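Participant: could you look at this predicted model? Sequence included:
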Amino acid sequence: MISAGLPLARPLRLAKRREAAQLGLPTVALALMLTLIIAMRPAVFSYFGVTLLFKLTTPLVFASLAQMLVIMLGDIDLSNGSFVGLISCVVALYLKGAPLLAGSIIVGVILAYVGFGLLIYSRSLPSIIVTLGMSFIWLGTAIILLPAPGGSAPDWLVQFMSWRPPLLPLPIWFAIAAALAGHFALGRSSYGSVLRGAGANPRAVARAGWSLIGIRAAIYAAAAMLMTLAGATLTGLTTSGDPNVAPGYTLLSVGAVILGGGTFTGGIVSPVGTVIGALTLSLAGSLLSFLQVSPTWQSGAQGVILLLVLAGRVLVAERVS
Amino acid sequence: MVASLAAGRFDCSVRPIPYILEVHDLHKSFGGVHALQGVDFRISPGEVVGLVGHNGAGKSTLMNILAGTIQRSRGEFTFAEARVGTWNPHQAQAHGLRCVFQELSLCGNLTLAENTRIIHPALRGPGWRRRASRLIDDTLGMIFPDNELRPDMQLADLPVGARQMVEIARAFTTTDVPVRCVILDEPTSALGYEPTQQLLAHVRRAASSGISCIFITHRLDEIMDVSDRVVVMVDGGVVAERPTAGLTRPQLVGLMGSIEVPREHRGQDRGSLKAEPPVIDYPGGEAGDLPIRVAPGEIVGFAGLDGHGQRERLRALFFAARRRAAHGLAPPVAYVAGDRGTEGIFALWSIAENVTICSLKGLRRAGLISPLGERGLAQRWSDRLSVKAPSVSTPILELSGGNQQKVLFARALASDAGIVLLDDPMRGVDVATKQEVYGLIRSEAGRGRSFVWYTTEVEELTNCDRLYVFREGRAAVELRGEEVVPARILDASFGGHSD
């Protein structure tokens, strides 16, 4: 057992290594990929080049942060991509002509999402099954609304997404803002501690007098709102709606969370890491096309990047004892 | 230190009403099991009450009801002279009632400061982290001087003893609500000697400043050191309540066994084991760990408090015996699991399939299972155990818990096993079924089968010929023949004279 004198060095060393592995590895992967791309195409290293390179990352960043919230609770959301697709259809169909209708549909969908989240908790169902079922509901609803790709995004949204803010391109501003907001909400604020605690040890948080139902409803609502942002920004970029626009987001978002230092055990996630992970995964596609690798290999390559970073994490963080 | 502890004791115990917390005629049942049957309990401000009793006596249930984490079935509950309807953890926190749970209630992914914030709604807004850090740091330093814990350390990185220190300190931190009553459930089981003494001293200090403490532990010496009053629970009821002053340790052990009517010892002392070669001969580990020997036809019990290494030893015996059986050195071995939901029954199968799963080798006809043989074997054993079911093809989940357990017994007995290991198999089983199974075990032992029986119920152990009493992972004491009586078992479980 322990006496008064604890071997203090070990906990501190562990914490340092964990931080290094959580944020360092995805950052190194992102930097490596950027260096390769710029070495091959120096023209990319400009305001316009970076804008193009990161153009499609904004929706994935929001979708990944939504996935991160769900994974923080110890669940997983397999409906992420089709939810984004549904929102994209609603935005393209109604936001221009009938903004009230669009708004109420979106609020209704968010409430339904929260309802499913509470169902998972109250009946202790496996989230992987429930969210898989939900994904078909979102996709089906989207196809009923918009059987073939079409509709058009409101002009203000399209204009906003092609806005060129000063200093840095818009996708970079979005990524920085999302990472900082997530970091302060979850990592620094006092309520963030409670939320992360509820993911790791829900019983302890309940025993401290918190309502787990309230916490889960809030988290699921926040996730749904982030996915709504993802759907809206995606429509702003593509200018039209398509139910099948984003099925890839489901697994990419999970990959981004894990790449960014998250674990499936719940409670351990990093918003900054998740954003970097999302950027890394969407850059992988561009890198491969610069390398003139056929697009069929892209998902495989994303998987390899994920495996390499995870292997690196095991080497750095868990080789302590 | 002991002298100063003793000094504060007497004036507290005579302080009469008002009680800070009082329950009357408290009942709690889980399904058909009555965990609490009419408990009366009260504690005054500044009083330290020691709560003792064997496993399953209802201590943890009582504590969870007081902390609001489970709801009482009925009974009156008064806190600070106000009648309480439904009582939940939020209200408990808001009224200054804190609880240190046996399984730690800290989040491993958070730092000390963040874990402190979880129980303090007031720790929010700008600078909360600094305030939370100072709060937990000061309290840790007050209770456990010279600790080297820092508020920004993450819980998962700390050894279990340090985590326990953090949880204890957290229970004594104060923001806007004063702490009025702290429940400590086995707080010292993970602490070393020095932190334990520091905690006991702090409990006395807290009591003299008006904080009540309910102290639950199996280490009776600590209860004698720190408490004003001892409450003894047996089988879901309070059987004795005494001021600690003047109480001796043997008296206390006696109180715990007080409702155990002296009964005829049913096992038999088989004297020396040398007459027959043992079917199990398992060497002990470190010093003070007895080797486990089991003779053919013998019923050997594993006693001691729950979680002191009996189950681990039983599994080790099983794997060792199975290896020996595979080489023909020992008879085949069977294991009856107590946790039938997770490791006993096949929930989707019928009774017959559940009974015969260990005997399929003998039921083979031309490489396939003979349905007739399967039914016959299952029928024979479910009749012998009088399993209450329409037929052996009934799905097992339609049976009551006790009957499911009988099916698991039938599985072991229907097999060719010469050694049967029982892992607390009677948990949640009614008395009548228990009596039937005891008789069956004794008659099977008469036919030469050996049993190793781990149970947390002291009375069950009187069916055994010989006992090993486990303490802290070691088979510490061997009791045989006339020594197999509840008082001796309890005494040996609680460590004879001192832990």
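Facilitator: Okay, I see it.
Participant: tell me the secondary structure of residue B:42, please.
Facilitator: Taking DSSP: H, G, I helix; E, B strand; the rest coil as the rule, one finds residue B:42 in the strand state.
Participant: got the confidence number for it?
Facilitator: According to the model's per-residue confidence, residue B:42 sits at a pLDDT of 92.
Participant: can you pull up the bridge partners for it?
Facilitator: residue B:22 (DSSP bridges).
Participant: that one: neighbouring residues, count only.
Facilitator: Using other Cβ atoms under 10 Å in any protein chain shown as the criterion, residue B:42 is surrounded by 18 other residues. In short, each C-beta sits where N, CA and C put it, glycine included.
Participant: residue B:488 touches residue B:479, doesn't it?
Facilitator: Yes - between residue B:488 and residue B:479 there is a contact under Cβ atoms under 8 Å: 5.9 Å.
Participant: got the residues of the stretch 101-250 of chain A near chain B?
Facilitator: Residues of the stretch 101-250 of chain A lying close to chain B by Cβ under 8 Å from any Cβ of the partner chain are A:188, A:190-191, A:193-194, A:196-197, A:199-201, A:203-211.
Participant: which among those count as buried?
Facilitator: By neighbour count, with 16 or more other Cβ atoms under 10 Å in any protein chain shown, those hold A:190, A:193-194, A:196-197, A:199-201, A:204-210 as buried.
Participant: against chain B, how distant is residue A:293?
Facilitator: Here the criterion is Cβ to the nearest Cβ, to the nearest Å. By it, residue A:293 lies 39 Å from chain B.
Participant: now do the same contact list for that residue.
Facilitator: Contact partners of residue A:293, counting by Cβ atoms under 8 Å, 6 or more residues apart in numbering or on different chains, are residue A:301.
Participant: wait, a strand at it?
Facilitator: No - when three-state DSSP is applied, residue A:293 is found to be coil, with no strand at that position.
Participant: so which residues of the stretch 1-150 of chain A form strands?
Facilitator: Listed from the start of the chain, the stretch 1-150 of chain A has no strands (DSSP state E, counting those that start in this stretch) to report.
Participant: where does it dip in pLDDT?
Facilitator: Judged against pLDDT under 70, the low-scoring parts of the stretch 1-150 of chain A cover residues A:1-10.
Participant: same check on the stretch 301-450 of chain B?
Facilitator: Counting by pLDDT under 70, the stretch 301-450 of chain B has low-confidence residues at B:427-432.
Participant: burial count for residue A:35?
Facilitator: The tally of other residues near residue A:35 (other Cβ under 10 Å) stands at 10.
Participant: no, scratch that, I was asking about residue A:128
Facilitator: Here the number of neighbours of residue A:128 (other Cβ under 10 Å) works out to 12.
Participant: my read is that it contacts residue A:78, right?
Facilitator: Yes - with contact defined as Cβ under 8 Å, residue A:128 counts as touching residue A:78 (6.3 Å).
Participant: tell me, what's the model's pLDDT at residue A:219?
Facilitator: On pLDDT, residue A:219 comes in at 96.
Participant: and it, how far from chain B?
Facilitator: From residue A:219 over to chain B (counting by Cβ to the nearest Cβ), the distance is 15 Å.
Participant: look up how far residue A:70 lies from that residue.
Facilitator: Using Cβ to Cβ, to the nearest Å, one obtains 7 Å as the distance from residue A:219 to residue A:70.
Participant: tell me the centre residue of chain A?
Facilitator: For chain A, the residue sitting closest to the mean C-alpha position, by Cα atoms, centre = their mean, is residue A:64 at 0.6 Å.
Participant: who are the contact partners of that one?
Facilitator: Taking Cβ under 8 Å, 6+ apart, we find residue A:64 in contact with A:252-253, A:256-257, A:260, A:274-275, A:277-278.
Participant: restricted to helices, list the residues of the stretch 101-250 of chain A next to chain B.
Facilitator: If you go by DSSP state H, these have A:190-191, A:193-194, A:196-197, A:199-200, A:203-207 in helices.
Participant: grab the two from these that are most spread out in space.
Facilitator: A:190 and A:203 (20.4 Å; Cβ to Cβ).
Participant: surely residue B:113 is in contact with residue B:151?
Facilitator: Yes - applying Cβ under 8 Å, one finds residue B:113 in contact with residue B:151, separated by 4.2 Å.
Participant: so for those two, which residue has more residues nearby?
Facilitator: Neighbour tally, residue B:113 and residue B:151, criterion other Cβ under 10 Å: the higher count belongs to residue B:113, 24 against 21.
Participant: neighbour-wise, which of residue A:219 and residue A:70 wins?
Facilitator: Counted by other Cβ under 10 Å, residue A:219 and residue A:70 do not tie: residue A:70 has more neighbours, with 29 against 21.
Participant: was I right to think the more buried one contacts residue A:76?
Facilitator: Yes - Residue A:70 sits in contact with residue A:76 when judged by Cβ under 8 Å, with a separation of 6.5 Å.
Participant: quickly list what's touching both of these two.
Facilitator: Common neighbours of residue A:70 and residue A:76 (Cβ under 8 Å, 6+ apart) are residue A:127.
Participant: now the strands: where do they sit in the stretch 151-300 of chain B?
Facilitator: Going by DSSP E, counting those that start in this stretch, the stretch 151-300 of chain B shows strands at B:181-185, B:212-216, B:229-234, B:237-243, B:280-282, B:292-294, B:299-303.
Participant: tabulate the ones you listed (a markdown table), appending mean neighbour count and distance to chain A.
Facilitator: What follows is these, written out as a markdown table (neighbours: other Cβ atoms under 10 Å in any protein chain shown; distance: least, Cβ to the nearest Cβ, whole Å):
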| stretch | mean neighbour count | distance to chain A |
| --- | --- | --- |
| strand B:181-185 | 24 | 12 |
| strand B:212-216 | 25 | 16 |
| strand B:229-234 | 23 | 22 |
| strand B:237-243 | 17 | 25 |
| strand B:280-282 | 19 | 27 |
| strand B:292-294 | 21 | 27 |
| strand B:299-303 | 27 | 25 |
